[in-house]
Structures are given as structure tokens and as C-alpha cells.
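*Asks:* sharing a sequence plus its predicted fold:
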Amino acid sequence: METSKNISKEWLNPNEVHQEFGFSVSTLAKWRMKNLHLSYSKIGKYIKYKRSDIIEFLEAHTIETVA
């Protein structure tokens, strides 16, 4: 089965989060150590972030400007 580049992955590793959303890998690590901001899953040594959690975080931290 061939996967399309247009189909977004549901679970992203820290490097993929950085590439798609711009959060630095070190910032994500600091947030994990302090248990802040983004939920994540850890299976063995692998860290995964759910795309919908990242989008929800960004939407919750949107600042509306007044024109």
C-alpha cells in the first residue's frame, strides 16, 4: 500500500513536530521535563505527539489583535 504525501500522520516524533509546527526539539524536551503544555506518549524510548493535541494547543494560545 502506497501512502500519499497529502495524508497527514496522526502521531509525530519531536523532529516531525519541529519540521511541521516550528517548536524546537529542545523546547519540546524542556516541556516534557516540566510536564507543561503538550501531551505526549512514550513507548520505550520513542516520544510521540498527537497532531490534534498540537493543533488544539495552538488554537488555545491564539491571540486576537485589534485592527
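*Replies:* Good, I have the coordinates.

*Asks:* what's the longest strand in this structure?
*Replies:* In the chain, ranked by residue count with DSSP state E as the criterion, the top strand is strand 46-50.

*Asks:* what's that one packed up against?
*Replies:* Contacts of strand 46-50 with other secondary structure elements, assessed using 3 or more CB pairs under 8 Å, 6 or more residues apart in numbering; DSSP states H and E, are made with strand 11-12, helix 14-21, helix 25-34, strand 41-43. Just so you know, the C-beta spots here come from the backbone N, C-alpha and C atoms, and that holds for glycine as well.

*Asks:* what are the buried residues along the longest one?
*Replies:* So that's helix 25-34. The neighbour-count check on helix 25-34 (16 or more other CB atoms under 10 Å) flags 27-28, 32 as buried.

*Asks:* returning to that earlier point: of all the helices and strands packed on strand 46-50, which one is nearest His61?
*Replies:* Among these, helix 14-21 comes nearest to His61, with 12.1 Å by CB to CB.

*Asks:* pLDDT averaged over the closest one - what is it?
*Replies:* Model confidence over helix 14-21, given as mean pLDDT, is 97.

*Asks:* with only the CA atoms kept, save it in CSV.
*Replies:* As requested, the backbone C-alpha atoms of helix 14-21 are provided in CSV (Å, rounded to 0.1, in the frame of the first residue of the first chain):
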residue,chain,number,x,y,z
PRO,A,14,9.8,15.6,18.1
ASN,A,15,11.7,16.2,14.8
GLU,A,16,8.5,16.0,12.8
VAL,A,17,6.8,18.4,15.2
HIS,A,18,9.7,20.8,14.7
GLN,A,19,9.5,20.5,10.9
GLU,A,20,5.7,21.0,10.7
PHE,A,21,5.0,23.4,13.5
